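Q: Let's see this in three dimensions:
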Amino acid sequence: MIQNSVKIHDNFSLEIKSIYENTSKRKKTKYDTITYLFIPNGLNINNQTYTKTKFYNDVKVYIRYNASEYTLEEIINLKTGPLNLFIKSVKKIVKEKSTKKNILDFEAKVKLLGAILNNSLKLQTHYFKFQKLADLQLSNQDFFNQLKEILHIYRTQIPIIENSSLDENIKNIIKLGDEYLSNISNYYTIQLLEHFKKISTEKSDLKIIIQFIKEEQEYRKTQNFDTSKDDDYYDETLLHKRSQLKKYIDGVLFLTRDVRKDGAFVEQSVFAIAAGLAMVFSTGIAFYYQQVYGNFTLPFFIALVVGYMFKDRIKASIGLLFISKASSFFYDYKIKIKDLQNNLIGITKENFVFVPFEKLGPKVKKHRIKDGYLDADYDFYGEQIIQYKRKIEIYPKKFGQEISDNRLNSLVDITRISFNRFITQMDDPKKSYSILKKGKIINRVGNKIYHINVIQKFYSEQGIEFKRYRIIMNRKGIKRVENIALDVI
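A: Next up, the predicted model:
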């Protein structure tokens, strides 16, 4: 099963997030996705101006584990939960020698606890926001007591590490984990407070949230989490520090991508065969004319030159023919997905090509035509279509071996596509126009926008699924993303 979402990442980038779950009883689970980008012809994006190299420069892909789901109660009580695994790693690194293996294990457990707690708080906050106030009874929730207990248990381990003879770098790991846990606790509880204030929750029901936030902010002051030695009027240092800390903790879930060209062996073999055939042709001509005219004659010399010319062209023509047909058999790149211990977690393949509207499947055509603003929208001579195809194969039995988390069951694929090159041919974002109202001409200024339509086609063991989005943008960037409901075909 694939969970998919599309959102704005920044002014000029679109983020496509896909979660690939382990749904197969076999050793591997397979998915295929095709993303179609329908681009207005006026933007001058085509196979001459927008090459494969440029596209892959504009696409950035991250693959990581999807953080396991735990309730706060499970984090506290489960013996195999992230909190208890962290406590065991503390005991191990203090009692035993601080070997490289023990240090990496300790660091992984600190990061894993932070990543899982972040996911748990995100899910719990989402749950609170979508509950009816009458059913919520916020003041009676165990949420804050459980969160306090997790923070307390973690913080009781800090003196154990600090008072040991361990290296300062190791001691710093547990402090970084503490700061991250404080950051996310502060972030989600402030979100909850803002939400309940918007829906006019009684002040008495908000006391428990306010009290928690105050206590955590006091703790942050004692630990100097938010202080900066330099003048940081715009909070540059603070925000950069938090961003780096988040990347450090989330790094435990990220996987490496070993990118190789797909079909490289076959390609080189075809080129070698082409060179051999060309050589056979050239040598054959040389032998024939040598026998007819003999050595060191003008006809033999001309035959050698002509043979060499044809040899060169034969080799190049066979190579070009292979390249033109290769996209039907091979992808552009083959990527091996590996964890930090070099275990193979999965394989993905990627392919980029421009396709004509006539070669699209009937369902894709129908979904594209749906909700056109004008009949002219159906004239697809005014659009260029990019097809970005991906093949995904994952090996779930190897999930989480390096971090000892047996609940990992899915991968998150985050693909960011930059539209920066698309804006160069766009008109000014503001356009003036005139209307006649009550006999007077009124001049107005309107927004000049462009539509980039996105259709995604997903293949999984459960069947085929389609999704469509409309990207509204102008020269200043992406304004919004609209989710287009599709008819069941």
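Q: drop to CA atoms for contacts and neighbour counts, all remaining ones
A: Fine.
Q: Distance-wise, check T424 relative to I161.
A: 55 Å (C-alpha to C-alpha, to the nearest Å).
Q: Which residue lies closest in space to P40, excluding its sequence neighbours?
A: Take P40 and drop its neighbours on the chain: the residue closest to it by C-alpha to C-alpha, 6 or more residues apart in numbering is E383, 4.6 Å away.
Q: no, scratch that, I was asking about P356
A: I385 (6.6 Å).
Q: Tell me which stretches of the stretch 251-400 of the chain form strands.
A: For the stretch 251-400 of the chain, the strands defined by DSSP state E, counting those that start in this stretch occupy 256-261, 333-338, 344-354, 383-394.
Q: about what we covered before: pretty sure the residue nearest to P40 sits against Y36.
A: No: E383 is not in contact with Y36 according to C-alpha atoms under 8 Å; the separation is 11.7 Å.
Q: before we move on, the earlier item: number of residues surrounding the residue nearest to P40?
A: Here the number of neighbours of E383 (other C-alpha atoms under 10 Å) works out to 22.
Q: got a list of what it touches?
A: Going by C-alpha atoms under 8 Å, 6 or more residues apart in numbering, E383 touches 38-41.
Q: I'd like the distance from it to V481, if you could.
A: For E383, the distance to V481 - C-alpha to C-alpha - is 19 Å.
Q: How is the protein partitioned into domains?
A: Listed domain ranges for the chain are 2-66+331-484, 72-231, 263-326 (source: automatic domain parsing).
Q: Lowest average pLDDT across those domains?
A: For the domains of the chain, mean pLDDT drops lowest on domain 263-326, to a mean of 68.
Q: Tell me where the stretch 301-450 of the chain has helices.
A: Taking DSSP state H, counting those that start in this stretch, the helices of the stretch 301-450 of the chain run over residues 362-369.
Q: Turn the contacts of E383 into CSV, including secondary structure.
A: Formatted as CSV, those follow (DSSP: H, G, I helix; E, B strand; the rest coil):
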residue, secondary structure
F38, strand
I39, strand
P40, strand
N41, helix
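Q: Please spell out the ChimeraX selection for the buried subset of these.
A: Buried subset of these, written as a ChimeraX selection, criterion 16 or more other C-alpha atoms under 10 Å:
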select :38,39,40
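Q: If I follow the layout properly, M426 ends up in contact with M473?
A: No: with contact defined as C-alpha under 8 Å, M426 and M473 do not form a contacting pair (9.8 Å).
Q: higher neighbour count, these two?
A: M473 (23 against 17).
Q: how close does the more buried one get to S418?
A: Distance of M473 to S418, given as C-alpha to C-alpha: 12 Å.
Q: cool, K370 as well?
A: K370 is 26 Å from S418, by C-alpha to C-alpha.
Q: Between those two, tell me which one has more neighbours.
A: Applying other C-alpha under 10 Å to K370 and S418 shows that S418 carries more neighbours, namely 20 against 15.
Q: secondary structure class for I170?
A: I170 - assigned by three-state DSSP - is helix.
Q: That one contacts I103, correct?
A: Yes: using C-alpha under 8 Å, I170 is in contact with I103, at 7.3 Å.
Q: end-to-end on stretch 338-349?
A: End-to-end for stretch 338-349, by C-alpha to C-alpha: 14 Å.
Q: So which bits of that stretch are buried?
A: The neighbour-count check on stretch 338-349 (16+ other C-alpha under 10 Å) flags 338-339, 343-349 as buried.
Q: Please identify which of the residues you listed is nearest to A67.
A: D339 (14.5 Å; C-alpha to C-alpha).
Q: Need the buried residues of stretch 338-349 in a markdown table (columns: distance to R260).
A: Listed next are the buried residues of stretch 338-349 as a markdown table, based on distance: C-alpha to C-alpha, whole Å:
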| residue | distance to R260 |
| --- | --- |
| K338 | 14 |
| D339 | 17 |
| N343 | 17 |
| L344 | 15 |
| I345 | 16 |
| G346 | 14 |
| I347 | 11 |
| T348 | 11 |
| K349 | 10 |
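Q: just those residues now: which is nearest D332?
A: Nearest member of the buried residues of stretch 338-349 to D332, counting by C-alpha to C-alpha, is K349, at 7.3 Å.
Q: what bridges to the closest one?
A: K334, K391 (DSSP bridges).
Q: Settle this for me: it is touching I392, isn't it.
A: Yes: contact criterion C-alpha under 8 Å: K349 and I392 qualify, at 6.7 Å.
Q: still on that earlier bit, T424 and I161 - which one has more neighbours?
A: I161 (22 against 11).
Q: Mind checking what secondary structure the more buried one has?
A: Per three-state DSSP, I161 ends up helix.
Q: Pull the contacting residues for it.
A: Applying C-alpha under 8 Å, 6+ apart, we find I161 in contact with 90, 94, 171, 174.
Q: Grab the most central residue of this structure for me.
A: I414 (1.2 Å; C-alpha atoms, centre = their mean).
Q: Which residue is the nearest non-sequential neighbour of it?
A: K17 is the one closest to I414 (C-alpha to C-alpha, 6+ apart), at 4.6 Å.
Q: by contact count, what packs against the helix or strand hosting that neighbour?
A: According to DSSP states H and E, K17 maps onto strand 13-21. Secondary structure elements in contact with strand 13-21, counted by 3 or more C-alpha pairs under 8 Å, 6 or more residues apart in numbering; DSSP states H and E, are strand 2-10, strand 410-418.
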